[in-house]
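Colleague: just a sequence and a predicted model for now, questions to come.
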Amino acid sequence: MDAVTSTGERGKRYLLFIAGMGGLLYGIDVGIIAGALPYLESTATVAWKLSTQQLSFIVAAVLLGSVLSSLFAGALADAVGRRWCMVLAGALFTLSIPMISLSDGYTPLLLGRLLQGISGGLIGVVVPLYLAESLPAAQRGRGAALFQLMLTIGLVGAAVIGLSQAQNVDAVTQAAASLPQAERAAAVFAAQDHAWRTIFWICLAPGLVFTLGSLALKESPRWLALRGHAKADLPAAPVAGARDSLASRRYVLPFLLACLVLALTQATGINSILAYVVTILNQAGLPGATANTADVALKVLNAVMTVVAVALVDRKGRKFLLMLGSGCIVLALVSAGLLFRGAESNQRDVRAAVEAQVKDGQLALRLDGAQLAGLGGADATAAPQQLTVAYAYGPFTNVQSRRSDDPLLPAMTLRREDTVQEDSVIGASLRRWHLNPFADPAAARDAPLTIERAWLGPVPSEAHGWRVALAICLFVAGFAVGPGVCVWLALSELMPTRIRSNGMSIALLINQFVSTVIAAMFLPTVGYYGYSTVFFFGACFSVLYFLTAAFLLPETKGKTLEEIEQHFTRVASRA
């Protein structure tokens, strides 16, 4: 396949198209789980006995994979080149799809999601790096913005796929309404299982396009210069063919600033909110496919506001957009937190009533009319009720929730064998060396079932759900205008050429580590402390983000990479 030159308008358009496809895959990585998660949760918790923590790990596995690949992405991009690293990322994404869609248990599903994350981590480092090194200064901002725009289109595509499958599940649920309970449950279960697998299968095509399209790109001119190629076609002043240490005094400030910006970007909770948005809106009061429709609207808004950012990023500058976006995020998260705090104040503590139904160290509870009457006198004919129970067997904890309007109305079953997880081979070895940080199964073998928290309350109204949706709309709009575009520019622009690949790898590693921790703790935190706590937590870090943009970040609009490097060299000299 003939390589497409990176010079000339035709070559630049193709370069931007393939880079945009990388953004599309990154968006799919982040967004596809949102539509699949409600059905995965409904089926996998029954068929595979998954705990809430395991579901969180399935969501967080993409982010964990990004962390792992970020460890070596910069070194790999230096060793084999930006182009081949992009090819590898596309191939890994393509391989992950059948692994996930054909999985028959927790382990293959987790491994498939982990592989998807490794692909996303490579894309997140290499594609912005490739764009920064291949485009002139006047087009670099729009190039990075296009990557983010295609990322948001990937989110929209994932949401549309989720909506179509939600409508199919709703149609099956309505058609099965007249069937006996057992047959109705079986029909809905089969539809939900088919829905989440189909959602992943549809994502195979863009992975193939990106993989094959990357083969037709030419290598980054700055990478060729670093490798000593005299004929490298540089868009700006040439760079020396040497590399310096990240610990060099003149590189410390831009490196730390890039790491801070990327860490705060994820501390807003953006990836977790996008991944759990359908679940969040369901809990806020929006029913079934309505929540999926709102999810699509959010992702479309994200794309539209990214187009606005594309138009503004090289005119207003990075600093202005980051301040504007982070300010909107603070307002949105505080509003969503207050709305959920109001809804959560209507919940009643029914721990004593739930504890009374524990028998022989386990609990089986179906949230029907009789059970509702026994849990604090709730009227089964009134508004739908939701029960949330946090429990533990020794050091092993879990959270389960049930709604009285669930068409399957599954029983809440708390059993030791579904909660206590045995050590893996690695875990058992680490425990012998007293290094395993996870819970010890031996400590839970004879531990009683402890109900740590049990709350029952009405499901919020649909109007409340739409108010939460509006707050999340403001959050998404603010993120798209500011951090969504500018974070990739901060990643690629702030660090000099001699440390850029390794520096970007470490900065993205920090970014994905923060995101992974938040995603892994999201559902357990919500179960114990409520959604309001999560939103208020993100608001605090968003205030710090605004202050960083206002007082620490220099403006890089219209400057070449070499001019930005000279700015930090002067700052280091004065220091």
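Modeller: Now that the structure is in, tell me what you want to look at.
Colleague: count the neighbours of Cys540 for me.
Modeller: Using other Cβ atoms under 10 Å, Cys540 has 13 other residues around it. Using the backbone N, CA and C atoms, a C-beta is placed for each residue, glycine as well.
Colleague: and stretch 305-313, how far from the chain's centre?
Modeller: Relative to its parent chain, stretch 305-313 has a centroid offset of 22 Å by Cα atoms, centre = their mean, to the nearest Å.
Colleague: which outside residues touch that stretch?
Modeller: With contact meaning Cβ atoms under 8 Å, 6 or more residues apart in numbering, stretch 305-313 is reached by 141-142, 144-146, 148-149, 151-152, 321, 476-477, 480-482, 484-486, 489, 557.
Colleague: try stretch 522-529
Modeller: 52-53, 55-56, 59, 272, 276, 388, 390, 397, 399, 401, 452-453, 533-534.
Colleague: thinking again about what came up before, would you mind giving me the PyMOL syntax to select the buried ones in the contacts of stretch 305-313?
Modeller: Here is the PyMOL command that selects the buried residues among these (16 or more other Cβ atoms under 10 Å):
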select buried, resi 141+142+144+145+146+148+149+151+152+321+476+477+480+481+482+484+485+486+489+557
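Colleague: just the ones of the contacts of stretch 305-313 in strands?
Modeller: Nothing among those maps onto strands, per DSSP state E.
Colleague: before we move on, the earlier item: now that we have the contacts of stretch 522-529, which of them are buried?
Modeller: Neighbour-count burial (16+ other Cβ under 10 Å) applied to these gives 52-53, 55-56, 59, 272, 276, 388, 390, 397, 399, 401, 453, 533-534.
Colleague: ok, these vs His194, which is closest?
Modeller: Leu55 (19.0 Å; Cβ to Cβ).
Colleague: how close does the closest one sit to Leu523?
Modeller: Between Leu55 and Leu523 the distance is 6 Å, computed by Cβ to Cβ, to the nearest Å.
Colleague: ditto for Gly269
Modeller: Gly269 is 13 Å from Leu523, by Cβ to Cβ.
Colleague: mind jotting down where the helices sit in the stretch 151-300 of the chain?
Modeller: Along the stretch 151-300 of the chain, the stretches classed as helices by DSSP state H, counting those that start in this stretch are 181-201, 204-214, 221-226, 249-267, 270-275, 277-284, 288-312.
Colleague: what packs against the fifth one?
Modeller: In terms of contact count using 3 or more Cβ pairs under 8 Å, 6 or more residues apart in numbering; DSSP states H and E, helix 270-275 is assigned the packing partners helix 9-47, helix 52-80, helix 462-481, helix 500-529.
Colleague: so Pro38 sits against Val277, correct?
Modeller: No. The criterion here is Cβ atoms under 8 Å, and Pro38 misses it with Val277 at 10.8 Å.
Colleague: lowest-pLDDT helix or strand in this structure?
Modeller: helix 425-432 (a mean of 55; mean pLDDT, DSSP states H and E).
Colleague: quick one: low-confidence ranges for the stretch 451-575 of the chain?
Modeller: Low-confidence segments of the stretch 451-575 of the chain, defined by pLDDT under 70: 488, 490-492, 496-501, 558-562, 571-573, 575.
Colleague: Leu208 touches Phe93, doesn't it?
Modeller: No. In this structure Leu208 lies outside contact range of Phe93 using Cβ under 8 Å: 9.3 Å.
Colleague: neighbour count winner among these two?
Modeller: Counted by other Cβ under 10 Å, Leu208 and Phe93 do not tie: Phe93 has more neighbours, with 29 against 14.
Colleague: show me the contacts for that one.
Modeller: Residues near Phe93 by Cβ under 8 Å, 6+ apart: Leu25, Asp29, Leu115, Gln116, Ser119, Gly120, Gly207, Phe210, Thr211.
Colleague: the second one - nearest residue in space that isn't next to it in sequence?
Modeller: Across the structure, with Cβ to Cβ, 6 or more residues apart in numbering as the measure, the residue nearest Asp29 apart from its sequence neighbours is Gly120 (3.9 Å).
Colleague: what is the burial count for that neighbour?
Modeller: Neighbours of Gly120 (other Cβ under 10 Å): 28.
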